[in-house]
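**Q** quick one, fold the following:
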Amino acid sequence: MSSVVNDTHHEEHPSGIMRWITTTNHKDIGTLYLWFAMIMFFIGGLMALVIRSELFQPGLQFVDPQFFNSMTTMHALVMIFGVVMPAFTGLANWMIPIMIGGPDMALPRMNNWSFWILPFAFSMLLSTLWMDGGAPAGGWTLYPPLSLQTGDAFPFLIFAIHFMGLSSIMGAINVVATILNMRAPGMTLMKMPLFVWTWLITAFLLIAVMPVLAGGVTMLLTDKFFGTSFFNAAGGGDPVMFQHIFWFFGHPEVYILILPSFGVVSAIIPTFARKPLFGYSSMVYATASIAFLSFIVWAHHMFTVGMPLAGEVFFMFATMLIAVPTGVKVFNWVTTMWKGAMTFETPMLFAIGFIIMFTIGGFSGLMLAITPADFQYHDTYFVVAHFHYVLVPGSIFAIMAACYFWLPKWTGNMYPETLGKIHFWLSTFFVNLTFFPMHFVGLAGMPRRIPDYSLQFADYNMIASIGAFGFGFAQLIFLYLIIKTIKGGKKATDQVWEGAEGLEWTLSSPPPYHSFNTPPAIK
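**A** Reported below is the predicted structural model:
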């Protein structure tokens, strides 16, 4: 055995492009995931700008309705499966082994494979833009019979979704195996940092629900090409059954996109408040409760399909119940900041922005949970405003916060702080300019997924489109800043963020015993 170890120790490591293709190092793979997410972020963002250009004023200006529908469909698939999930998987790859004191991920070769599936999956998905019949235009929910009217692109879409799911499941198995088997001696489950906890729970959600999506889209495939009638009423099928299958995947998926954000924010807030996280164990239990409840609320997306009253009442109350553990988390973050020696570096700004704007999204979600009210809101721009408040200042801001927070650790260089703050304030201003007016047009009755609209919605749509372009261009600052930091800059110290223990609090929450009655002095 020792000779084997010595042989591998002296092995030549490939360099250049082969290093990245063949790597099994968790940091390299984490970097690949993050860069992939960045590329897809700009591709998905361009799709959003096509949508907002068309909606800048009433009338059809730039694209035909079919292509507009393709853009809404592709924008969602790219942003969810190509940006948020790979970015969080990248953060998991980078940070989980470091946080639990493990040497690497448990299954390094599978780790490499689960990444390299993604570029192929998205090449397949994006190639549909050049196919006869156009890209998929059935909405990201792929509801039949609309989604079955897609032309040549349909099998490519389904195959791409299968690949994305395969990648996610392998990544999740790897996270579970790593966390359960590779923690340093003495690190019990209740001593793990919250980022690790949120990812453990997220990984179980992924393993549970990705096969449900795979089953649903496979049934769509057989309905289109193999003569089955799962969702075809003419053959005894039921299109509403697809909605049940889809949302049984789709609702836990929403929490897959947000739980790792909670972990990131729970690492950042204590660092810049210079206090340990308030209520560590309640945060763990709240995360687990949210994950459990996410499985029993799926039909709140379907209040208008004509389900029995008892079903509507159950799904309404179960959905409202999720507000309780979510509220626990928000109050714990706020209490962590209370009387702390706070400083407002860029990661902290993004974390605080996350808490405020994610809470707005949570409140509009509570409105949508109320069945009789949902009949009015359903399929309007109010719903678009709601989920974008959860996903943009939620997931995306948390990913940006994590990048600013850990970039000095990753690169050894400090990013330019002033530029980071400019990026934060521009992003925050434009994200609200984009999505807040959507609440108003939605409440006034503007339907979603529509390329043209009545004149009374013109002003707010114009404001939203201006906001979208502003937000998009602000992200170029982020890209520039990351490249600049990787290339060089002021050297980061061992203790990147000044203050009592600095980063150590993120690596051992709950932290070692201290007297925290008096906040430590800021250097």
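
**Q** Phe248: neighbouring residues, count only.
**A** As a burial measure, Phe248 scores 20 neighbours (other CB atoms under 10 Å). Where you see a C-beta, it was placed from the backbone N, CA and C, and this is true even at glycine.

**Q** residues contacting the spatially closest residue to it that is not a sequence neighbour?
**A** Distances taken as CB to CB, 6 or more residues apart in numbering place Trp298 nearest to Phe248, at 4.8 Å, with adjacent residues excluded. Counting by CB atoms under 8 Å, 6 or more residues apart in numbering, Trp298 makes contact with 244, 247-248, 250-251, 315.

**Q** just Met320 next, same as before
**A** So Met320 contacts 366, 369-370 (CB under 8 Å, 6+ apart).

**Q** name the element it belongs to?
**A** Using DSSP states H and E, Met320 sits within helix 309-321.

**Q** neighbour-wise, which one of the contacts of Met320 leads?
**A** That'd be Ala369 among the contacts of Met320, by other CB under 10 Å, with 21 neighbours.

**Q** test my guess that it contacts Phe314.
**A** No: the criterion here is CB atoms under 8 Å, and Ala369 misses it with Phe314 at 11.8 Å.

**Q** could you dump the contacts of Met320 to TSV with pLDDT?
**A** As requested, the contacts of Met320 are exported to TSV (pLDDT from 0 to 100):
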residue	pLDDT
Leu366	96
Ala369	97
Ile370	97
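
**Q** inside strands: which ones of those?
**A** In strands, judged by DSSP state E, none of the contacts of Met320 are found.

**Q** looking at these, which are in helices?
**A** Residues of the contacts of Met320 located in helices (DSSP state H): 366, 369.

**Q** which one of the contacts of Met320 is nearest to Val212?
**A** Nearest to Val212 among these: Ala369, at 22.0 Å, using CB to CB.

**Q** which residue packs closest to the closest one, ignoring adjacent ones?
**A** Nearest to Ala369 is Thr319, by CB to CB, 6+ apart, at 3.8 Å.

**Q** ok, that neighbour - contacts?
**A** Taking CB under 8 Å, 6+ apart as the contact definition, Thr319 lies against 297, 300, 365, 369.

**Q** tell me which two in those residues are the farthest apart.
**A** Greatest spacing in those, by CB to CB: Val297 and Gly365 (10.5 Å).

**Q** which helices and strands does the helix or strand in which Met462 is found pack with?
**A** Element membership for Met462, per DSSP H and E: helix 458-487. With contacts taken as 3 or more CB pairs under 8 Å, 6 or more residues apart in numbering; DSSP states H and E, helix 458-487 sits against helix 26-54, helix 397-411, helix 417-443.

**Q** need the winner for burial among the ones you listed.
**A** Ranked by mean neighbour count, the helices and strands packed on helix 458-487 are led by helix 397-411 with a mean of 23 (mean count of other CB atoms under 10 Å).

**Q** now the angle from that one to helix 458-487?
**A** Interaxial angle, helix 397-411 versus helix 458-487 (axes from the mean of the first three to the mean of the last three CA atoms, to 10 degrees): 10 degrees.

**Q** now helix 397-411, how far from the centre of its chain.
**A** 15 Å (CA atoms, centre = their mean, to the nearest Å).

**Q** again with stretch 316-326
**A** Put simply, stretch 316-326 sits 20 Å off its chain's centre (CA atoms, centre = their mean).
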